[in-house]
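Q: Below are the sequence and a predicted model; questions follow.
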Number of protein chains: 2
Amino acid sequence: MIISCPPKVLISEVGPRDGLQSIKTAMPTPAKLRWISALAAAGLKEIEVGSFVPPKLLPQMADIHDVVAHALTIPGLHVAVLAPNLHGSERAFEAGVHKVTLPVSVTNEHSMANIRKTTAQMIEEVREIVALRDARFPGVQIEAGVSVAFGCTIAGAVSDEETLRMCVAMAECGVDEVGLSDTSGYANPTQVRRLFRRLQSELGGKAGGAHFHNTRGQGLANVVAALEAGVTTIDSSQAGLGGCPYAPGATGNIVTEDLAFLLEAMGYDTGIDIDALIAARAILAEALPGEALYGHVPDAGVPKGFHYADGRVPSAPQPEGCLLGAAQ
Amino acid sequence: MIISCPPKVLISEVGPRDGLQSIKTAMPTPAKLRWISALAAAGLKEIEVGSFVPPKLLPQMADIHDVVAHALTIPGLHVAVLAPNLHGSERAFEAGVHKVTLPVSVTNEHSMANIRKTTAQMIEEVREIVALRDARFPGVQIEAGVSVAFGCTIAGAVSDEETLRMCVAMAECGVDEVGLSDTSGYANPTQVRRLFRRLQSELGGKAGGAHFHNTRGQGLANVVAALEAGVTTIDSSQAGLGGCPYAPGATGNIVTEDLAFLLEAMGYDTGIDIDALIAARAILAEALPGEALYGHVPDAGVPKGFHYADGRVPSAPQPEGCLLGAAQ
């Protein structure tokens, strides 16, 4: 069955940033560059390639200039980075990135712990970053990534109103879009559906994408709810790279491979070749020995009879299935 | 926030059957009995405790009579089993179980491989099983668990019409309810939503629950879609026990612990105590050394500020969260 014009969803790959910053090992730069190229070749159209942060804070990101320079040579790739402040944003703008994501916490507690600024100070910082962009780097897109939007490890429950207040403040600062981040895996589908609908009704065209962590295994369930609310950009990380050193087995972002399968199976066109995406894991396995690589689709393959939303069929055969007596 | 009358969802625990039949080790009977008691004590109201199948085919189920006898002593527990044929069903009825699930494949290919009968032969068998029940064991509930309802490892894609045809045949045989099983992890949320809605419109009150395998990591995403379609019974397995010996890392059923958290966080009352449920894993860890125990909530705990749908708060404190520089 070929669907003539399936709806599109953009998977924004954040593994090279959110994944790599959350593990102890620093990935060698040449491997990072090969990895980013392989991800782009698998059809990922936007990659958050790193953070502009002090190397002494996150040594894994010390090569950010080389990484950005390489990513910018990949035709058609939308090169995104994270920057937590004015200084980092300025360096990012100067490096020529296409998009800067600013992490903005809903709660003061998380804001202080994460970026050592109150939320009020961060709003002021965002205003300055937008002013700098407007004055000197007009083509660069700015997204506010609203952290702990669904709950906070320090402050606990976060109300819709608190989150929406910060989102509106961000829109008023002049950012291009405002996404919602489930920083610690607190979100549930009911909340996701409700909050993204309210975000769209408050911000219209500035309502942005969804950034889910799979801490409690709820990531793809939350994606289903986000899709229902009309979200068209979803962040994820190859192999669910990342996690939390204090919670063994707690994965980082949702797994790009499993997300791509979910979306394509549901009829959303991502442009991704799942087999090529899975092949890119070999670079991670080699460069990050001992690091857990998550994901189910890489083990199980796509189902027999699977086709992509745009009608393509997989290039590789699927692994053999299994049958047992009295299966259900 | 206390919700006065939250909707209820029944989690039907299938670990002692679908989980244990899919792993190589046979769990010692005393551990099995302790495990089933612990699951019931954690609030699970229905447990599929095993299969009535020939011990030479599934030695893991050789102690089914002892297991059923024990389960029937647990107050309030709805004791379910699987039986693939008339002979097994008769033994199950005689043992005094409350419910028998019959695995009925949509495709001839899967039916022959799984139970060595064509689908037409199986329909005839179900008719005889219902007649036996009606004649001699009128109180026992019969569910048809319609296998490969969303796709088949042997036959490939399965159309809604093929699946619904078998469901209608089952209802006409006189079973009490007809559930849909995603035997090999083929389902996607779009398909789940559509097919359960059609099932309900075809079968009304005989439309049954959802049985998902997490082979491709899509299990909880499919649950969200099933809930939207009005499904109120979901099968799952503690620790996602099971899997497929030919696909390393491919888990079995969806994980009860993560499902219970999903449902309670969404506002569905399951009656389960997640901490007690997690504690029951220790019995598995001891009795099945080396067996992978899946699940995210057991590692991460419930979020700070979490409460159950009925207003209860967790009995145990949550593990410490983590924060890193420039998290999103």
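A: On my side now, so go ahead.
Q: Only C-alpha atoms from now on, for both contacts and neighbour counts.
A: Will do.
Q: count of residues packed around the residue nearest to residue A:139 when sequence neighbours are not counted?
A: Distance criterion Cα to Cα, 6 or more residues apart in numbering or on different chains; nearest residue to residue A:139, sequence neighbours excluded, is residue A:98 at 7.5 Å. As a burial measure, residue A:98 scores 18 neighbours (other Cα atoms under 10 Å in any protein chain shown).
Q: and the gap between residue A:98 and chain B?
A: 19 Å (Cα to the nearest Cα, to the nearest Å).
Q: just checking, that residue touches residue A:138?
A: No. The criterion here is Cα atoms under 8 Å, and residue A:98 misses it with residue A:138 at 10.5 Å.
Q: in the stretch 151-300 of chain A, what residue is nearest chain B?
A: residue A:221 (3.8 Å; Cα to the nearest Cα).
Q: Kindly spell out which helices and strands sit in contact with whichever strand or helix holds that residue.
A: Using DSSP states H and E, residue A:221 maps to helix A:219-228. Other helices and strands packing on helix A:219-228, by 3 or more Cα pairs under 8 Å, 6 or more residues apart in numbering or on different chains; DSSP states H and E, are helix A:189-203, strand A:207-212, helix B:219-228.
Q: 6 Å instead, please
A: For helix A:219-228, the elements it packs on are helix A:189-203, helix B:219-228, judged by 3 or more Cα pairs under 6 Å, 6 or more residues apart in numbering or on different chains; DSSP states H and E.
Q: For the following helix or strand past it, the averaged confidence score.
A: Going down the chain from helix A:219-228, the next helix or strand is strand A:233-236, by DSSP H and E. Taken as a whole, strand A:233-236 has a mean pLDDT of 98.
Q: got it, and stretch A:127-139?
A: pLDDT averaged over stretch A:127-139 gives 98.
Q: what comes into contact with it?
A: A:86, A:173 (Cα atoms under 6 Å, 6 or more residues apart in numbering or on different chains).
Q: For that stretch, list every residue counted as buried.
A: A:127, A:129, A:130, A:131, A:132, A:133 (16 or more other Cα atoms under 10 Å in any protein chain shown).
Q: roughly how far apart are the first one and chain B?
A: This means residue A:127. Here residue A:127 is placed at a distance of 18 Å from chain B (Cα to the nearest Cα).
Q: Kindly report the same for the third one.
A: The span separating residue A:130 from chain B equals 19 Å under the rule Cα to the nearest Cα.
Q: element containing that residue, please.
A: Going by DSSP H and E, residue A:130 is in helix A:119-136.
Q: report the angle between the axes of the following helix or strand past that helix and strand A:207-212?
A: Once the chain leaves helix A:119-136, the next helix or strand it forms, by DSSP H and E, is strand A:141-147. Interaxial angle, strand A:141-147 versus strand A:207-212 (axes from the mean of the first three to the mean of the last three Cα atoms, to 10 degrees): 50 degrees.
Q: Give me the below-cutoff pLDDT ranges for the stretch 51-200 of chain A.
A: By pLDDT under 70, the stretch 51-200 of chain A has no low-scoring segment.
Q: interface residues of it facing chain B?
A: Applying Cα under 6 Å from any Cα of the partner chain, one finds that the stretch 51-200 of chain A approaches chain B through A:103, A:114, A:147, A:153, A:156, A:157, A:183, A:186, A:188, A:190.
Q: If you rank the residues you listed by neighbours, which is first?
A: residue A:186 (30 neighbours).
Q: who's in contact with it?
A: Contacts of residue A:186 by Cα under 6 Å, 6+ apart are A:150, A:151, B:303.
Q: Does the first one belong to a helix, a strand or coil?
A: Per DSSP: H, G, I helix; E, B strand; the rest coil, the secondary structure class of residue A:150 is coil.
Q: Now do the phi/psi pair for it.
A: Main-chain torsions, residue A:150, degrees, to the nearest 10: phi -120, psi 0.
Q: Do I have it right that it meets residue A:189?
A: No. If you go by Cα atoms under 6 Å, residue A:150 and residue A:189 don't touch, sitting 10.7 Å apart.
Q: ok, the two, which is more surrounded?
A: residue A:150 (27 against 24).
Q: Contacts only, for that one.
A: A:182, A:186, A:187.
Q: Could you rerun that using 8 Å?
A: A:157, A:158, A:159, A:160, A:163, A:181, A:182, A:186, A:187, A:191, A:192 (Cα atoms under 8 Å, 6 or more residues apart in numbering or on different chains).
Q: Name the member of those residues with the most neighbours.
A: Neighbour-wise, the contacts of residue A:150 (other Cα under 10 Å) top out at residue A:186, 30 neighbours.
Q: separation between that residue and residue B:286?
A: Going from residue A:186 to residue B:286 by Cα to Cα, to the nearest Å gives 30 Å.
Q: What is the neighbour count of the closest residue to residue A:296 other than its chain neighbours?
A: Among residues not flanking residue A:296 along the chain, residue B:216 sits closest, at 4.7 Å (Cα to Cα, 6+ apart). Other residues lying near residue B:216 total 29 when counted by other Cα under 10 Å.
Q: Now that residue B:216 has come up, it's in contact with residue A:260, right?
A: No. Using Cα under 8 Å, residue B:216 is not in contact with residue A:260; the gap is 11.2 Å.
Q: Let me know the pLDDT of the nearest residue to residue A:270 once chain neighbours are set aside.
A: Once flanking residues are discounted, residue A:270 sits nearest to residue A:9: 5.5 Å by Cα to Cα, 6+ apart. In this prediction, residue A:9 carries a pLDDT score of 98.
Q: Enumerate every residue touching residue A:9.
A: A:232, A:233, A:234, A:263, A:268, A:269, A:270.
Q: For the residue nearest the centre of chain A, list each beta-bridge partner.
A: Residue closest to the mean C-alpha point of chain A, counted by Cα atoms, centre = their mean, is residue A:235 at 2.7 Å. Listed beta-bridge partners, residue A:235: residue A:12, residue A:211 (assigned using DSSP bridges).
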